[in-house]
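J.: Need coordinates for the following:
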Amino acid sequence: MSSREITEDDIESLAVGAWILGTGGGGNPYLSLLNMRVLYRQGKRVQLIDAGDLADDAYVAVIAGMGAPLVGIERLTDHRVFTRAAVFMEEHTRRRFDAVMGMEIGGGNGVRPLMVAANLGIPVVDSDTMGRAYPEAQMTSVAVGKLKPCPMTVVDVRGLEAVVETVPTWKWAERVGRKIVVEYGSTASTCQPPRTGAEVKKWGIHGTTTKAIAIGRAVREAQRTHDDPVAAILAVEPGKLLYRGKVVDVERRATEGFLRGVVRFEGMDDWRGSAMQIDFQNEWIVARRDGEPAAMSPDLICVLDSVSGEAVGTETIRYGQRVTVIVLPGPDIFLTPEGLAHVGPRAFGYDLDFRSVFAS
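T.: Down below sits the predicted model:
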């Protein structure tokens, strides 16, 4: 099995890049970054492997935080709680994990698998199941592939622990898991249904950790050389510039274990006189410019600080911020009819047919 060590500099870049790929959600990666700095100071290291290097019968943990991002910055969760979610799954299934991967590459969830890997001494797979961040458990490539939706472990910082042992569908996994998380206080650490190496190879979205590191490195280098960090992102990713403006209104509420709301922008520079609104459910879902749909899931709507180029999350965006909105292409699996049924605008309750900004 070939592998490479993830360096401390890689982790710094990963936190920046995963926050951008989080499309507003996935949890602010700063706390996860602090945890990784501590673990590396303790001498622990993480190896990154390609999915193709997994044995077909390898046993792979799938790690994610679950809940409303706003609560996650109030009730802090460290590396031990995420590791406990994986160990609890090992105890439940009576099998040791060979590797770990993220449920999503977005935000803090793009960094959290590294914490588990560092503590358990197993490698991280350069793959995830979303290629970004989505708010619900059924919004994954493995759900599109109709893989088994259970068991799932759910733990929190107070030692509360639960197993969702049997559910018939991924939507039921989301419903039951979300109810538990709400009772925990709307934030928890989870080990999602374990996957075999063969399942990861067939249904994973590959190369996403490497992608996040490359995006973050481009932003950090642009910051260092005082170049345009947004242009640096678009130089390493095939994205499009959608809008520049100022935040003029934020409506935000934590409900049913999600952070939902609307942000409104007033145009600046070439967009002066044009208004934009973006609806969110943990992540940015639908953007409208002057009342007309301009971008929507599964395309990645990324709201960035216009100066630093770093992501602005749905839980931290505030009045007066100057932002740039770019769009990145979504993974191919979600552009299929089956994929759109899971993550297209209608999956979020919008009466819209998906239209990509990248359509010719």
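J.: where does the stretch 1-150 of the chain dip in pLDDT?
T.: Residues of the stretch 1-150 of the chain that meet the criterion pLDDT under 70 lie in 1.
J.: show me where it has helices.
T.: 8-21, 30-41, 69-72, 79-93, 112-120, 141-144 (DSSP state H, counting those that start in this stretch).
J.: who touches the first one?
T.: With C-beta atoms under 8 Å, 6 or more residues apart in numbering as the contact definition, helix 8-21 has outside contacts at 6, 26, 28-30, 32-33, 36-37, 40, 105-111, 114, 131-133, 208-209, 211-217, 219-220, 233, 300, 302, 304, 310-311, 313, 328. Any C-beta I mention is one placed from the backbone N, CA and C, and that applies to glycine too.
J.: which non-adjacent residue is nearest the residue nearest the centre of the chain?
T.: Closest to where the C-alpha atoms of the chain average out (C-alpha atoms, centre = their mean) is G106, at 2.2 Å. Closest residue to G106 apart from its sequence neighbours, by C-beta to C-beta, 6 or more residues apart in numbering: A133 at 2.6 Å.
J.: what about that neighbour, how many neighbours?
T.: Applying other C-beta atoms under 10 Å, we find 31 residues neighbouring A133.
J.: and the longest helix for this structure?
T.: helix 208-225 (DSSP state H).
J.: which is the next helix or strand following that helix?
T.: Sequence order places helix 229-236 as the next helix or strand after helix 208-225, per DSSP states H and E.
J.: now for the helix or strand just after that following helix, which elements pack on it?
T.: Once the chain leaves helix 229-236, the next helix or strand it forms, by DSSP H and E, is strand 240-255. Counting contacts by 3 or more C-beta pairs under 8 Å, 6 or more residues apart in numbering; DSSP states H and E, strand 240-255 is packed against helix 69-72, helix 229-236, strand 258-267, strand 283-289, strand 292-296, strand 322-328.
J.: that older thread, quick one: the residue nearest to the centre of the chain and K202, what's the gap?
T.: Using C-beta to C-beta, to the nearest Å, G106 is found at 22 Å from K202.
J.: same question, D351
T.: Distance from D351 to K202, by C-beta to C-beta: 33 Å.
J.: do the same with V167
T.: 22 Å.
J.: G339 too?
T.: Counting by C-beta to C-beta - G339 and K202 are separated by 15 Å.
J.: And those two? Which one has more around it.
T.: Using other C-beta under 10 Å, the more surrounded residue of G339 and K202 is G339, with 21 against 15.
J.: Would you agree the more buried one falls within a helix?
T.: Yes - counting by DSSP: H, G, I helix; E, B strand; the rest coil, G339 is part of a helix.
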